[in-house]
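# Mind folding the following:
(chains A and B)
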Protein chains: 2
Amino acid sequence: MNCPADYPRKSLKDCLKLIGPYVNRTPVMHSRLTDERAGAELYFKCENFQRGGSYKLRGATHAILRLQQKAPLSGVVTHSSGNFAQALSLAANALEIPAHIVMPRTAPEVKKAAVRSYGGHILECEPEVAAREAAADAMQKRTGGVLIHPSDDPQVMLGQGTAAMELLEEIPDLECIIAPVGGGGLLGGTCLAAHHYAKDCELFGAEPFAVDDAYRSLKSGKIESNETTDTMADGLKTVLGNYTFPVIRKHVKEILRVEEQEIAEAMKWIWERMKLVVEPSSAVTLAAIFRYPEYFRGKKVGIIISGGNVDLGKLPF
Amino acid sequence: MNCPADYPRKSLKDCLKLIGPYVNRTPVMHSRLTDERAGAELYFKCENFQRGGSYKLRGATHAILRLQQKAPLSGVVTHSSGNFAQALSLAANALEIPAHIVMPRTAPEVKKAAVRSYGGHILECEPEVAAREAAADAMQKRTGGVLIHPSDDPQVMLGQGTAAMELLEEIPDLECIIAPVGGGGLLGGTCLAAHHYAKDCELFGAEPFAVDDAYRSLKSGKIESNETTDTMADGLKTVLGNYTFPVIRKHVKEILRVEEQEIAEAMKWIWERMKLVVEPSSAVTLAAIFRYPEYFRGKKVGIIISGGNVDLGKLPF
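Numbers count the residues shown, from 1 in each chain, chains lettered A, B, ... in the order given. Down below sits the predicted model:
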């Protein structure tokens, strides 16, 4: 693999400076009630308040800006039905290039509407992976746009790491940071930020038992996949990639797995007690802290709340 | 009436200093999407993030501290089934005195549990107003506790005004502020804060058509009541009092009324687009801004989000 497990500190610093004008500096929230229950001091970096409703805008913006530094860009292409589709549309819109989003025709209408509202152009395809890839290929050829992967791209991963960078600027003495892990862009970026900007900070990933590919990948030493993807945490169904895996493998202490009902319960806690609308994929981290207190008790813990895009008509509680 | 419509600037300043150690300084949030829809620049003072889930902790804490300055206090009593019951329990707990809460036996179990979790002692009574008042009287006699009214008390009103004070410290050039109006403690306090800390700032109250007593009171020049209280905004069913009415009458430009479905729609907007859990009583303000754009278009507007205590099992959308 031609990818180092560390990136220079400067690349993160430059990234934050570059994307700064296009992204929100999101608040860090704190909750006495949650601290009491967890027996730890928790700091929530609230990317649910990010533009587009998730941290994904950071990586999408960074990837486009880096491409634009090299050459004029006629557009970008991705295949995603989730938060990255919205984020890339929003980022491309701000940077005045078209975004072409390949989405399965079975994707919920509400997600298609969100992409359109941010200015993205949708190309519908059959839901199978092969069909999605073929459609994305064809779209690149037709439009001259550049394909951007939702997570397994060094510039995307660096962009996602700026959330943890900002968190560490505010709370420099965090002893642990935990982030959800799907494709690994957020967790990988978080690792890089902690590696360069924290001291003795332990890194954790959290994922559902139902899609525990990251847990198994760290055990086996190679990228594992999921046979089924039956989880409410719809942002965490993807698997690690060639850029994210080595970073996570080097820096992460443990991938913590949680049950579906624990995700729903933690999500309800965050809504009810902390008054934050977060999506199931974000609640896996607090669920992991509640399930495995031995890692966190008495410590200062950073939590990356990844997003708040949720269908209010289909709550899991 | 022996109550002035203004209070000295110093009383507000002293109040904020006094309660500062016991209350959260809540964040001010901003949303581009909401600004676009409203055609105005909106600043949301998020008291849903206050301890106890609403602004009521401010007034409750202030009332107790002022009483304690005069003489040792053996306890406090109130009758409330809503946010004030929780707030008084929490404030009394922090100040190490007992809080006795008279609640109708028909109040939802979740509200009773919240009061108990904050250390309040509940006395159940029949739901009629006369029974509640009799029970509160008896409780005062039995415990020697002092009755604190949820809204119509000068110290409570001043305490609630500190939310707008903090908002104006952050955004000094607000051209309007809008707050929900039930008993008038929050709106009255907001008026006092704007009177002393803002320049040419117009004040608005918002309430449901279903309980438009404040609107009618300002028209008739005397405190009006509601014949029925059929609204989802359960914090706004109460009526103005002898202390709050003259303040509101002097300072408020207009009471804006909204329909139930407008409240539900604005609440959903705040949850979905701003990722904030707010209660229906808080959504009346944004509903009013959407309904009556002529008052707000192009202006810098402060909005007091009063609280986020809501039953997730009974959402109005």
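# For chain A, which segments are assigned as helices?
With helices called from DSSP state H, chain A shows them at A:9-19, A:32-38, A:56-70, A:83-94, A:109-117, A:129-143, A:154-170, A:185-197, A:213-220, A:244-251, A:260-274, A:280-291.
# Could you look over these and pick the most buried one?
Highest mean neighbour count of the helices of chain A: helix A:185-197, a mean of 29 (counted as mean count of other Cβ atoms under 10 Å in any protein chain shown). C-betas here are computed from N, CA, C, even on glycine.
# Report the angle between that one and helix A:213-220.
Helix A:185-197 and helix A:213-220 meet at an angle of 60 degrees, taking axes from the mean of the first three to the mean of the last three Cα atoms, to 10 degrees as the criterion.
# what helices or strands is helix A:185-197 leaning on?
Using 3 or more Cβ pairs under 8 Å, 6 or more residues apart in numbering or on different chains; DSSP states H and E as the contact criterion, the secondary-structure elements in contact with helix A:185-197 are helix A:9-19, helix A:154-170, strand A:176-180, strand A:202-208, helix A:244-251.
# So for chain B, which of these sits nearest?
helix A:154-170 (13.1 Å; Cβ to the nearest Cβ).
# Quick one: name the residues of chain A near chain B.
Taking Cβ under 8 Å from any Cβ of the partner chain as the measure of proximity, chain A contacts chain B at A:27, A:29, A:32, A:46, A:48-49, A:51, A:53, A:268, A:271-272, A:274-278, A:308, A:312, A:315, A:317.
# Which among those count as buried?
The neighbour-count test (16 or more other Cβ atoms under 10 Å in any protein chain shown) marks A:27, A:29, A:46, A:48-49, A:51, A:53, A:271-272, A:274-278, A:308, A:315 as buried among these.
# re the thing from before, in a markdown table, list the helices and strands packed on helix A:185-197 along with mean pLDDT.
Converted to a markdown table, the helices and strands packed on helix A:185-197 look like this (pLDDT from 0 to 100):
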| stretch | mean pLDDT |
| --- | --- |
| helix A:9-19 | 96 |
| helix A:154-170 | 98 |
| strand A:176-180 | 98 |
| strand A:202-208 | 98 |
| helix A:244-251 | 97 |
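# which sections of chain A are below the confidence cut-off?
Confidence mapping of chain A against pLDDT under 70 gives the ranges A:1-4.
# same thing but 90
Counting by pLDDT under 90, the ranges of chain A that qualify are A:1-6, A:79-82, A:104-111, A:114, A:126-133, A:311, A:313-314, A:317.
# Please give me every residue in contact with whichever residue of the stretch 101-250 of chain A sits closest to chain B.
Here the stretch 101-250 of chain A gets closest to chain B at one residue, A:S117, 9.1 Å apart by Cβ to the nearest Cβ. Contact partners of A:S117, counting by Cβ atoms under 8 Å, 6 or more residues apart in numbering or on different chains, are absent.
# So it versus A:G20, what's the distance?
Separation of A:S117 from A:G20 (Cβ to Cβ, to the nearest Å): 24 Å.
# picking that back up, among the buried ones among the residues of chain A next to chain B, give me the pair with the biggest separation.
Between any two of those, the greatest separation by Cβ to Cβ is 25.8 Å, found for A:R51 and A:E272.
# Cross the residues of chain A next to chain B against strands and list the overlap.
Secondary structure from DSSP state E places A:M29, A:C46 of the residues of chain A next to chain B in strands.
# Quick check, A:Y55 in contact with A:G161.
No: because the distance of 9.7 Å does not satisfy Cβ atoms under 8 Å, A:Y55 is recorded as not touching A:G161.
# out of the buried ones among the residues of chain A next to chain B, who's nearest A:H195?
Within the set of those, A:C46 lies nearest A:H195; the separation is 22.8 Å, counting by Cβ to Cβ.
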